[in-house]
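1. Have a look at this fold, sequence not included:
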Ligand SMILES: Cc1ncc(COP(=O)(O)O)c(C=O)c1O
Ligand SMILES: Cc1ncc(COP(=O)(O)O)c(C=O)c1O
């Protein structure tokens, strides 16, 4: 079994088989982490103040890819208001501003929290979330 | 009595009453010490490979002024070859590359050697000598 | 009264020395030296992008220095604090980068009391671009700086005012608050040279209600190591400027054809920064704040006032300072003795002062002088230092039989 | 084999750490840290113009650093050694100041393996002035750098060749001797970026019989403090250039109308320099010379060769290095694991490497990669560090189930 605190089964699974990278119509936004070269593209199909569908395509490290893939599964179907709050919470969580137990129910996110020990890598985990945030902002304009 | 190792009687005398600042015809050259603002103007009347007359006018500190005044008295009448050698020797002496006894016979120069303890001030003492050197070089051209 | 010699190893190691040259560069307390030496012994690694813990821990300290500096200046945007190597580089950065935006016919105002660092870059820029350099004069008699002497020079063409907060020769404080307010109102950019001000005064730009476009100062004059300077800039102004030095760490991406630059502050911090010196600045500010900058100002002003009073009592000694002083700068001359000779005699007595133009030749010339002797008091000086100075100045006259 | 961990406090204090990131910045030996800390404790004062002994003694050390550096490079004119803050500033100085002499239609040659510090400044200059930037490519397969790949680009319009002596990613040594000879013969100016070469090789330009117009490197990569860089320039070339930063200490005289600049080296050293860091460079060179740079080269090459051999034995690991290596740089990738993930897993094991573009994006792109993991060996590393690296790389594959 793999006991690495960061690269747990679930992270590797999402890295190797990222979910929801697909062609859909919607508002799209790109994100780029200059320091490590990670790239994310988010497309959100927004209807009735809800994210009806979401595509997240990443090119980068396991952390960023897994984070994006997990995100794509978790936020689909949420209302814009819910998503905004959720992103805020995840950002805080990944930055270590919330206790580890906070996401006890969402074990994929809890697994991601291993990177808190390597603060440089937090950016990788945050990138998809920030890109989604920017996507939604773009929609508002 | 004044026991200051640098500002001895003879130095102060040459500072307060600098010799040989006068109007003569000849090759002239200016010297300037940017770090402390000392200025020297040397005019040398050269005939038959001899410095027949010399004017040295300084504007600056006691060390520079006294050094210039002493120089004006010592080199007058020397042949160009003698002067060149003499300047070389004085430069070495002031820089501390010759023993203090070296100028036992020229007590004015010996008095100047007190500034060896303050290397920044050596430039002040050297300035007239270097300016004279440049004057003679100019003559050669 | 402060009693801090004990915190400064140079002063402990050289107990005979009366150090009155902090205006050139300040001594460093144990608190700073020990921390930086320990940093190199325990933690050091290059910052940015290192995933391993040494690199991360170094990065954290580096970033903390930036936060601390922003707090020290009383400004909000941490990312607007740029680390350079000294005040001189900070000013040149602005002259090169902001200078690109200026054009022929524009006007820059500087004052006659600027240090060369805040004079020559503007003079050179003016020459290159056909910009008019206007000089604001201080009052020759009072050595004070009436605000009208600056504001009266302002025209529609004025694009920048580059002003020292405090003269390194006279201790004169410029009316930078009023000038800044006027500049802010008129949309004129203003650069404040705080090299001589920051080490000696509490400042908080937000509390003062002014928004200088650029503020510069050096670490080494406020008890940090040499090798670090600060440029603080208003966010929109910095964002609107081209980078100055280009290379690593200030880049988003580089292709053969073009480069995309990183956001603030990295955009202006090319290459490996002076990490140890930046961290020394963090510790130096902490140290000064633990003493209290109000107390520092009060203490050094008290010493300077005493020195001025005592110097003026000596026949033939002239002090060049405004009536109302608030720092430790004391420039003087002695009739019949060149300042370099004064400094030499003082050095014989282990009294360390500086003599010369103090990199302020336009000011010295304007005052009709060749050179000044300058003693500067700082937080670690005491009344005994004043005594030593006075005694040694008196000896100058004896030596020169005056 | 060298056994020097004991000289480096960071390695003593963190005995679990396997430090393989000297390519980013080297650790500092006691010999350097202790001396500089002591300097600040016993001797410190600002240099230049101070008559008193602290200032003079500081000046002497500062000047000695310049002499030592000239000797280290094997060049004769001490005054042609200019202290900057890092390699990046040194190159920008040349780009700004020498760059003024270039004009539209001129050509500059750089190589694809340049660090951004020796790429972006030329790219920006080229853009601003309409200069053509020509790229010399390395051999993609052998990762070697045939001299013709550079010399074939030379035309009548070539004014400058800016060339890294050693790639910070591949360890590839450029044919700088031959290129320099050609450039010297044709009167083309040549700048050599020695940031990765100087710390690892004995060099003596006079013995080599070449006369580079500019040589640049950083102190922090050769065991000195960060905050000091070097620009060596040919005398007539430097004398012919305008100053870069202007301000104090680089001036002969300043009037309101104009300034006369000081002679070399002061002309290019405006403001208070990084005194402590410059002195650390003196001590670092002394330290390296006491070990012997030939020995350093031999030692780190031996470690790198072993690491390369062992890495290549691991399935899915690709090493990017030329056949013939002579330094400690080892860049690699692992199929299926992003270099940032490699560096993270290694960091969990206290193996400190760097991952990413290494400020050499054009090279990485040219090689068709996104990013590299890079381990760099230096004089204080040993076989045990190789073991740790290999073990940890193997663990990467286990963690990723590859
Ligand atoms: C080849 C090369 N050039 C230039 C640099 C830039 O050096 P610095 O960051 O000290 O300016 C580096 C260091 O990363 C390098 O490896
Ligand atoms: C008022 C003022 N401005 C600028 C400077 C230049 O500072 P630095 O030499 O640290 O660049 C000084 C220091 O001498 C100064 O006193």
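-> Perfect, I can see it now. Please read all numbers here as calculations on a predicted model, not as lab measurements. Ligands and ions are numbered 1, 2, ... in the order given.

2. Please name the nearest non-neighbouring residue to whichever residue of chain A sits closest to ligand 1.
-> Here chain A gets closest to ligand 1 at one residue, residue A:35, 14.3 Å apart by Cβ to the nearest ligand atom. Every residue, glycine included, has its C-beta placed from N, CA and C. Nearest residue to residue A:35, sequence neighbours excluded (Cβ to Cβ, 6 or more residues apart in numbering or on different chains): residue C:49, at 5.0 Å.

3. Next, the residue nearest to residue C:4 when sequence neighbours are not counted: secondary structure please.
-> Nearest non-adjacent residue to residue C:4, counting by Cβ to Cβ, 6+ apart: residue C:380, 4.6 Å away. Under DSSP: H, G, I helix; E, B strand; the rest coil, residue C:380 falls in the coil class.

4. List the contacts of residue C:183.
-> C:161, C:189-190, C:213 (Cβ atoms under 8 Å, 6 or more residues apart in numbering or on different chains).

5. Tell me the residues of the stretch 201-350 of chain C that contact chain B?
-> C:337-341, C:344-345, C:347-348 (Cβ under 8 Å from any Cβ of the partner chain).

6. mind giving me JSON lines with the residues you listed and columns for distance to chain D?
-> Putting these into JSON lines (distance: Cβ to the nearest Cβ, whole Å) gives the following:
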{"residue": "C:337", "distance to chain D": "14"}
{"residue": "C:338", "distance to chain D": "12"}
{"residue": "C:339", "distance to chain D": "10"}
{"residue": "C:340", "distance to chain D": "7"}
{"residue": "C:341", "distance to chain D": "10"}
{"residue": "C:344", "distance to chain D": "6"}
{"residue": "C:345", "distance to chain D": "10"}
{"residue": "C:347", "distance to chain D": "4"}
{"residue": "C:348", "distance to chain D": "9"}
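
7. Out of these, who's the most crowded?
-> residue C:341 (31 neighbours; other Cβ atoms under 10 Å in any protein chain shown).

8. burial count for the residue of the stretch 301-402 of chain C found nearest ligand 1?
-> In the stretch 301-402 of chain C, the residue that lies nearest ligand 1 is residue C:359 (27.4 Å; Cβ to the nearest ligand atom). Using other Cβ under 10 Å, residue C:359 has 27 other residues around it.

9. show me what contacts it?
-> Counted by Cβ under 8 Å, 6+ apart, residue C:359 has contacts C:115-117, C:168, D:247-249, D:251.

10. make it 10 Å
-> C:24, C:88, C:114-120, C:168-169, D:48-49, D:247-251, D:254, D:271 (Cβ atoms under 10 Å, 6 or more residues apart in numbering or on different chains).

11. and stretch C:103-115, anywhere near chain D?
-> Yes: for stretch C:103-115, a contact with chain D is found by Cβ under 10 Å from any Cβ of the partner chain, at C:110, C:112, C:114-115.

12. how about those residues, which pair is most distant?
-> C:112 and C:115 (11.5 Å; Cβ to Cβ).

13. When these two are compared, which one has more neighbours?
-> For residue C:112 and residue C:115, the more surrounded residue by other Cβ under 10 Å is residue C:115, and the numbers stand at 25 against 20.

14. and the more buried one, backbone torsions?
-> phi -70, psi 150 (degrees, to the nearest 10).

15. Surely residue A:137 forms part of a strand?
-> No: read with three-state DSSP, residue A:137 is helix and lies in no strand.

16. picking up where we left off before, within reach of ligand 2, which of the contacts of residue C:359 are there?
-> Residues of the contacts of residue C:359 in contact with ligand 2 (Cβ under 6 Å from any ligand atom): C:88, C:115, C:117-118, C:168, D:248, D:271.

17. Which of the residues you listed has the largest number of neighbours?
-> residue C:117 (33 neighbours).

18. wouldn't it be in contact with residue C:86 here?
-> Yes: using Cβ atoms under 10 Å, residue C:117 is in contact with residue C:86, at 8.2 Å.

19. and for the two, which residues touch both?
-> C:92, C:195, C:216, C:218, C:229, D:245, D:247-248, D:270-272.

20. Next, give me the two most distant ones among those.
-> Counting by Cβ to Cβ, the most remote pair of the shared contacts of residue C:117 and residue C:86 is C:195 and D:245, 14.8 Å apart.

21. Stretch A:90-102 - what's its average pLDDT?
-> On average, the pLDDT along stretch A:90-102 is 93.

22. chain center to that stretch: distance?
-> Remark: stretch A:90-102 is offset 14 Å from the chain centroid, using Cα atoms, centre = their mean, to the nearest Å.

23. who in chain A is up against chain C?
-> Checking chain A against chain C by Cβ under 10 Å from any Cβ, the hits are A:32-37, A:117-121.

24. which residues of chain A fall in helices?
-> Taking DSSP state H as the criterion, chain A contains helices spanning A:9-16, A:62-75, A:80-94, A:107-112, A:119-140.

25. Could you list the buried residues of the last one?
-> Looking back up the chat, that one is helix A:119-140. A:119-133, A:135-136 (16 or more other Cβ atoms under 10 Å in any protein chain shown).

26. what comes up buried for the helix or strand residue C:68 falls within?
-> If you go by DSSP states H and E, residue C:68 is part of helix C:53-73. The neighbour-count check on helix C:53-73 (16+ other Cβ under 10 Å) flags C:53-59, C:61-62, C:65-66, C:68-70, C:72-73 as buried.

27. Might you name the residue of chain A sitting closest to chain D?
-> Distances between chain A and chain D by Cβ to the nearest Cβ are smallest at residue A:61, namely 3.8 Å.

28. Surely that residue touches residue D:373?
-> No: using Cβ under 10 Å, residue A:61 is not in contact with residue D:373, being 11.5 Å away.

29. got the shared contacts of residue C:117 and residue C:86 as a markdown table, with pLDDT columns?
-> Shown next, in a markdown table, are the shared contacts of residue C:117 and residue C:86 (pLDDT from 0 to 100):
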| residue | pLDDT |
| --- | --- |
| C:92 | 98 |
| C:195 | 98 |
| C:216 | 98 |
| C:218 | 98 |
| C:229 | 98 |
| D:245 | 98 |
| D:247 | 97 |
| D:248 | 94 |
| D:270 | 97 |
| D:271 | 97 |
| D:272 | 98 |
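
30. what about the residue nearest to residue C:4, distance to residue A:87?
-> Between residue C:380 and residue A:87 the computed distance is 52 Å (Cβ to Cβ, to the nearest Å).

31. Residue C:26 now?
-> From residue C:26 to residue A:87 the distance is 47 Å (Cβ to Cβ).

32. These two - which one has more neighbours?
-> The neighbour count for residue C:26 versus residue A:87, taken as other Cβ under 10 Å, is higher for residue C:26 (28 against 20).

33. Can you pull the phi/psi pair for the residue nearest to the more buried one when sequence neighbours are not counted?
-> For residue C:26, ignoring the flanking residues on the chain, the nearest one in space by Cβ to Cβ, 6+ apart is residue C:223 at 4.9 Å. Backbone geometry at residue C:223, expressed as degrees, to the nearest 10, gives phi 80, psi 10.

34. tell me the SS of residue C:306?
-> helix.

35. Near it, how many other residues are there?
-> Residue C:306 has 17 nearby residues by other Cβ under 10 Å.

36. ok, now residue C:151?
-> With other Cβ under 10 Å as criterion, residue C:151 counts 18.

37. For chain D, see how far away the residue nearest to it when sequence neighbours are not counted is.
-> Leaving aside its chain neighbours, residue C:151 sits nearest to residue C:182 (5.5 Å; criterion: Cβ to Cβ, 6+ apart). Look at residue C:182 and chain D: by Cβ to the nearest Cβ, to the nearest Å, they are 23 Å apart.

38. residues touching residue C:182, list them.
-> Contacts of residue C:182 (Cβ under 10 Å, 6+ apart): C:147, C:150-151, C:154, C:161, C:175, C:188, C:190.

39. And the residue lying closest to the residue of chain A closest to chain D once chain neighbours are set aside, what's its pLDDT?
-> Setting aside the residues directly before and after it, residue A:61 is nearest to residue D:338 in space (Cβ to Cβ, 6+ apart), at 3.8 Å. Residue D:338 carries a pLDDT value of 96.
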